[in-house]
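Novice: Build the 3D model from these lines:
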Amino acid sequence: MSGPARKPGALAVLSRREIYSGRVLRLEVDDVREPNGATGIREVVRHRGSVAALPVHEDGRVVLVRQWRHPIGTLMWELPAGLMNAGESPAEGAARELEEETGLRAARVEPIADFYTTPGFCDERMYVFRATGFTQVPPRPDDDEEIEVKTCSLHEAMEMMRAGEIREGKTLVALLLEAQRRAGAER
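Specialist: Down below sits the predicted model:
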């Protein structure tokens, strides 16, 4: 059962406290008044934004990276991705992350998705690009990154999704959009 629709901007922020500020994010706690007059507390993660690239070779193979993800305590297969740097466009950031993590310099970087990762508590905006036309360059991973690079067919990547080997949001979105793009091209 759903309640009445909210009017945009109807929630009032009564006060805001910054609890933590770090390299990747800030944590704020807002005291709010809901449109119905009830008060509450909202914990909000403020994030500077992130970028990712789906590298697609001329023969249709895609490139994934696997690295350790501390918050969930496991290795994850995903797209080359990272934080946006100050003064950098999302496309520039995605191209930079692709080079750093895979050693692939893209001739073309085209937007395929732009979304909020977890808007219930975080304002992180993710920009995802399709990268093509590669030149090999030396990879430059961050000092704390150990990255395994894998090139596979889109079919194999989709099988990895179905088997639960790919479970990370931006990668799922990008692979599904690439499969949809290819299906549309076949019509």
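Novice: Domain ranges for the chain, per the record?
Specialist: 12-47, 50-185 (automatic domain parsing).
Novice: which ones are touching Glu18?
Specialist: Counting by C-beta atoms under 8 Å, 6 or more residues apart in numbering, Glu18 makes contact with Arg26, Leu27, Glu28. (Glycine included, C-beta is placed from N, CA and C.)
Novice: just these now: which is nearest Arg105?
Specialist: Arg26 (32.8 Å; C-beta to C-beta).
Novice: Enumerate every residue touching the closest one.
Specialist: Contacts of Arg26 were listed using C-beta under 8 Å, 6+ apart, and they are Glu18, Tyr20, Val45, Arg46.
Novice: What is the neighbour count of the third one?
Specialist: Other residues near Val45 number 16, with proximity taken as other C-beta atoms under 10 Å.
Novice: Shouldn't it be within a strand?
Specialist: Yes: assessed with DSSP: H, G, I helix; E, B strand; the rest coil, Val45 lies in a strand.
Novice: Not counting sequence-adjacent ones, nearest residue to it?
Specialist: Closest residue to Val45 apart from its sequence neighbours, by C-beta to C-beta, 6 or more residues apart in numbering: Cys122 at 4.0 Å.
Novice: And the helices in the protein, which stretches?
Specialist: Ranges of helices within the chain are 90-102, 154-162, 169-185, based on DSSP state H.
Novice: which secondary structure elements does the second one contact?
Specialist: So the one you mean is helix 154-162. strand 62-69, helix 169-185 (3 or more C-beta pairs under 8 Å, 6 or more residues apart in numbering; DSSP states H and E).
Novice: How far away from the center of its chain is it?
Specialist: Taking the mean of its C-alpha atoms, helix 154-162 sits 19 Å from the chain's own mean (C-alpha atoms, centre = their mean, to the nearest Å).
Novice: Any chance you could give me it in PDB, C-alpha atoms only?
Specialist: Taking Å, rounded to 0.1, in the frame of the first residue of the first chain, the C-alpha atoms of helix 154-162 are listed here in PDB:
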ATOM      1  CA  LEU A 154      29.800 -10.800 -24.200                       C
ATOM      2  CA  HIS A 155      28.200 -14.300 -24.100                       C
ATOM      3  CA  GLU A 156      30.800 -15.400 -21.500                       C
ATOM      4  CA  ALA A 157      30.300 -12.300 -19.500                       C
ATOM      5  CA  MET A 158      26.500 -12.800 -19.500                       C
ATOM      6  CA  GLU A 159      27.200 -16.400 -18.300                       C
ATOM      7  CA  MET A 160      29.300 -15.000 -15.500                       C
ATOM      8  CA  MET A 161      26.400 -12.800 -14.500                       C
ATOM      9  CA  ARG A 162      24.000 -15.800 -14.500                       C
END
